[in-house]
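Undergrad: compute the structure for the input listed below.
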Amino acid sequence: MSEQLQLSAETRERAGKGASRAMRREGRVPAVIYGNKEDPISIHIEEKVLVKALNTGHFMNSVAMIDVGGKAIRTLPKDVQFHPVTDRPLHVDFFRIGEHSTVTVAVPVRFENEEKSPGLKKGGVLNIVRHDVELVVDAALIPDDVVIDLSGYELGDSIHISAVKLPRGATPAITDRDFTIATVVAPSGLKSAEGAEAAEGGEEAGEEA
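TA: Below you'll find the model as predicted:
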């Protein structure tokens, strides 16, 4: 289960681009907490602390407990704006949630048992179509990742969401189709050889005709 992030914030008294730039010069990142039928709260967070949280790799699918003036607010990070050149965080949106709110989060996909895939052992390549999967889940049970077992997959096989064992209580956000997460494809050298053989076979058939 994804761990909770603990962040300390202060309220913003002034809004606007000028005030935001001044905060960033002081090493603070403007942010807003909204949702759950309550008024939005404008806040700012220490940039170093935020960057450390972003570097965990689980920021967008972790519950963030934000301490604002001694009051802890349960949130889910929804959006982070970055500087196009420096990649410094410029602004963060946090969505206010209840302890057991049903939320939609993008959860990273992790593959295991590659050595047990006959297709990969033959030199095949794992072509990842989706690096994360959107899940609908209880906010208290957000998983760190979705684990996919590659045991038994042959060349040409596709791994669909229906074949994946999802974490407890989680369901796919996409329900109208059995979407593909990854495929085991033949290496380009093998494809070229097969293509050449097929072409030769066609020529021979043409000569015989």
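Undergrad: when you work out contacts or count neighbours from here on, use the C-alpha atoms and nothing else.
TA: OK.
Undergrad: flag the shaky bits of the protein, pLDDT-wise.
TA: Applying pLDDT under 70 to the chain picks out residues 1-2, 14-16, 189-209.
Undergrad: now do the domain split for it, please.
TA: What automatic domain parsing lists as the domains of the chain is 5-98, 104-193.
Undergrad: tabulate those domains (CSV), appending mean neighbour count.
TA: As requested, the domains of the chain are exported to CSV (neighbours: other Cα atoms under 10 Å):
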stretch, mean neighbour count
domain 5-98, 16
domain 104-193, 16
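Undergrad: separation between the closest residue to residue 89 other than its chain neighbours and residue 160?
TA: Closest residue to residue 89 apart from its sequence neighbours, by Cα to Cα, 6 or more residues apart in numbering: residue 82 at 4.4 Å. In this view, residue 82 and residue 160 are 33 Å apart by Cα to Cα, to the nearest Å.
Undergrad: ok, now residue 62?
TA: Distance, residue 62 to residue 160, by Cα to Cα: 25 Å.
Undergrad: before we move on, what about residue 120?
TA: Noted for residue 120: a distance of 17 Å to residue 160, by Cα to Cα.
Undergrad: hey, where'd the helices end up in the chain?
TA: Using DSSP state H, the helices assigned to the chain run over residues 17-25, 47-54, 118-121, 188-208.
Undergrad: OK, contacts around the residue nearest to residue 89?
TA: Neighbour list for residue 82: 88, 89, 90, 91 [criterion: Cα atoms under 8 Å, 6 or more residues apart in numbering].
Undergrad: show me what stretch 63-74 is in contact with.
TA: By Cα under 8 Å, 6+ apart, the list of residues contacting stretch 63-74 reads 2-11, 75-77, 96-99, 139-140.
Undergrad: so who does the residue lying closest to residue 166 once chain neighbours are set aside touch?
TA: Of all residues not flanking residue 166 in the chain, residue 146 sits nearest, at 6.5 Å (Cα to Cα, 6+ apart). Counting by Cα under 8 Å, 6+ apart, residue 146 touches 107, 108, 109, 110, 133, 166, 167.
Undergrad: need the residues you listed in CSV (columns: distance to residue 174).
TA: Formatted as CSV, these follow (distance: Cα to Cα, whole Å):
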residue, distance to residue 174
107, 13
108, 16
109, 16
110, 19
133, 9
166, 14
167, 16
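Undergrad: which one of these is nearest residue 116?
TA: Residue 116 lies nearest to residue 110 out of these, by Cα to Cα, at 15.3 Å.
Undergrad: quick check: closest non-adjacent residue to the closest one.
TA: Counting by Cα to Cα, 6+ apart, residue 110 lies nearest to residue 147, which is 4.9 Å off, once chain neighbours are set aside.
Undergrad: and that neighbour, what is it in contact with?
TA: Contacts of residue 147 (Cα under 8 Å, 6+ apart): 109, 110, 111, 112, 164, 165, 166.
Undergrad: quick one: the strands in this protein?
TA: Ranges of strands in the chain, per DSSP state E, are 5-11, 28-35, 38-46, 64-68, 71-82, 89-96, 102-112, 125-128, 132-138, 146-149, 158-160, 171-172, 180-185.
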